[in-house]
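>>> Mind looking at a prediction? Sequence and model below.
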Amino acid sequence: MSSSSLSASSVSSHPLAVYGWDEGWEAEFAPYAAQGLLPGRVARVDRGLCDVITPVGTVRADTEFVVPRDPMKVVCTGDWVAVDPEGSDPLYVRTLLPRRTAFVRSTSSKRSEGQVLATNIDYVVICVSLAVELDLGRIERFLALAMSSSSGEALLHKSALAWESGAQPVVVLTKADLVPDPATLGYLVEDVEKTAPGVPVLAVSASSGEGLDVLEAVLSGGTTVLLGQSGAGKSTLANALLGEDVMEVQAARDVDGKGRHTTTTRNLLALPGGGVLIDTPGLRGVGLWDAETGVGQVFAEIEELAKQCRFQDCAHVAEPGCAVLAALDSGTLPERRLDSYRKLLRENQRIVAKTDARLRAEIRKDWKRKGAEGRAAMEAKRGRR
């Protein structure tokens, strides 16, 4: 048997294999193994301490030695780490292994900081409840974030990667049993598919089991993070996927379908059919964080139209030869899609500008140029020139 076969065999039989341990992580951890440290995956973080799943079981470890000034590098659920060996008292997390992917949103902080919600993820499942009217704009916002999942060096440079390099988004329409008419359910799925081009859209009912087998098959090969508003049915779906009532569930309000934050921390759990699940608290706000790539992916048809515009810097407002406006006039591009595209691009530009001095200067220069052009046009119209 070759050395590579022996290595693959040892990795597959490793106690952490069910949590995503592979040859890549083994290679990254090799220097720390030589120091006698244990590998582990962070299952939960709470006030300077974290639960770490190791080959000898789950341990409680202090994060004192891995508390950076950069909030983007704090220990997070999903991280792979090196911890003190069994018997050490107290136990400390000594280092974080480089992240492959990270799901990041902006915080409500005026300093415009990023908040890492989960790391080393392969799938982002966006849960949307069918108990209330579909909010397609919110789905587009979640998708823009999911498609901009950063990884590796890109995370250090705060630049979003293409969808192919990050996590695969999946939209799950929960509580499908509340839409008993198959035709109506089909139309709802179709509406979301148009909003999420190229993204799998599944209608699922945790109570009846509809669609669960397909979802389980999709998620069995990696780490999945569940995202959505409170009341979207994330905890109920997590329990259905786990095969037991692990997550607390509370009823959503009938008036608006919203629920309380039954999940208050991010928890990592192994799925019985393979794969790992990270459940997250319901998100009231979904602020973009360097998501220009993701916005482009979500609105791919607008990006393609823009390539056909007469001017390269076309703003798609009133320019002659604008292919985007032509599509709008012909009805092939819904006005709602264009409005949502503009809104998310503006928001993302504001977020990036807060942390990029050169971009701020460029934006100010552009504003001054447009202001001058507007004043010149008004003067010409009044006959003063």
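Sure, I can see it. Residues are numbered from 1 along each chain as shown.
>>> What ranges does the protein have for its strands?
38-46, 49-54, 57-62, 80-83, 93-96, 102-106, 114-119, 123-129, 168-174, 201-203, 223-227, 267-270, 276-279 (DSSP state E).
>>> how about the ones you listed, which one is nearest R310?
R310 sits nearest to strand 168-174 of all these, at 33.4 Å, using Cβ to Cβ. In short, each C-beta sits where N, CA and C put it, glycine included.
>>> got the CA positions of the closest one in PDB?
Only the C-alpha atoms of strand 168-174 are listed here, as PDB (Å, rounded to 0.1, in the frame of the first residue of the first chain):
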ATOM      1  CA  GLN A 168     -22.400  26.800  -1.900                       C
ATOM      2  CA  PRO A 169     -25.700  28.500  -1.100                       C
ATOM      3  CA  VAL A 170     -29.000  26.600  -0.900                       C
ATOM      4  CA  VAL A 171     -32.400  28.200  -0.300                       C
ATOM      5  CA  VAL A 172     -34.800  26.100   1.800                       C
ATOM      6  CA  LEU A 173     -38.400  27.000   1.800                       C
ATOM      7  CA  THR A 174     -39.500  25.700   5.200                       C
END
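>>> Quick check: mean pLDDT of it?
The pLDDT scores in strand 168-174 average 92.
>>> Can you tell me the strand partners of that strand and which way each runs?
strand 123-129 (parallel), strand 201-203 (parallel) (DSSP bridges).
>>> Now do the residue nearest to D62 when sequence neighbours are not counted, the pLDDT please.
In this structure, D62 finds its nearest non-sequential neighbour in Y92, 5.0 Å apart by Cβ to Cβ, 6 or more residues apart in numbering. On pLDDT, Y92 comes in at 94.
>>> Please identify which of the strands of the chain is closest to V18.
strand 267-270 (5.0 Å).
>>> and that closest one, what other elements does it pack with?
The helices and strands touching strand 267-270, judged by 3 or more Cβ pairs under 8 Å, 6 or more residues apart in numbering; DSSP states H and E, are strand 38-46, strand 276-279.
>>> So which bits of stretch 20-32 are buried?
20-21, 25-26, 29, 32 (16 or more other Cβ atoms under 10 Å).
>>> Stretch 197-215 now?
By neighbour count on 16+ other Cβ under 10 Å, the buried set for stretch 197-215 is 199-206, 211-212, 215.
>>> what does stretch 228-248 give?
In stretch 228-248, the ones that count as buried by 16+ other Cβ under 10 Å are 228-242, 247.
>>> And stretch 182-196, by the same measure?
Neighbour-count burial for stretch 182-196, with 16+ other Cβ under 10 Å as criterion, is recorded at 185, 188-189, 192, 195-196.
>>> quick one: which of those is nearest to K343?
T195 (14.3 Å).
>>> where does this structure dip in pLDDT?
Low-confidence segments of the chain, defined by pLDDT under 70: 1-9, 105-114, 147-166, 246-265, 282-294, 348, 350-385.
>>> ok, now with 80
1-12, 68-72, 104-115, 144-166, 230, 244-266, 281-298, 345-385 (pLDDT under 80).
>>> what about the helices in it?
3-12, 23-33, 136-146, 152-156, 182-195, 212-219, 234-242, 292-298, 300-306, 323-330, 335-355, 357-381 (DSSP state H).
>>> now R44: how far from A318?
Per Cβ to Cβ, to the nearest Å, R44 is found 53 Å from A318.
>>> Tell me which of these two has more neighbours.
A direct count of neighbours by other Cβ atoms under 10 Å for R44 and A318 places R44 higher, at 18 against 7.
>>> and the more buried one, bridged to which residues?
What pairs with R44, by the bridge criterion (DSSP bridges), is D51.
>>> end-to-end on stretch 311-329?
One end of stretch 311-329 sits 18 Å from the other (Cα to Cα, to the nearest Å).
>>> chain center to it: distance?
Relative to its parent chain, stretch 311-329 has a centroid offset of 31 Å by Cα atoms, centre = their mean, to the nearest Å.
>>> In stretch 267-282, which residues are buried?
267-269, 271, 275-282.
>>> wait, doesn't S235 sit right on P281?
No: at 9.9 Å, S235 does not count as touching P281 under the criterion of Cβ atoms under 8 Å.
>>> That's all I had, so thanks and see you.
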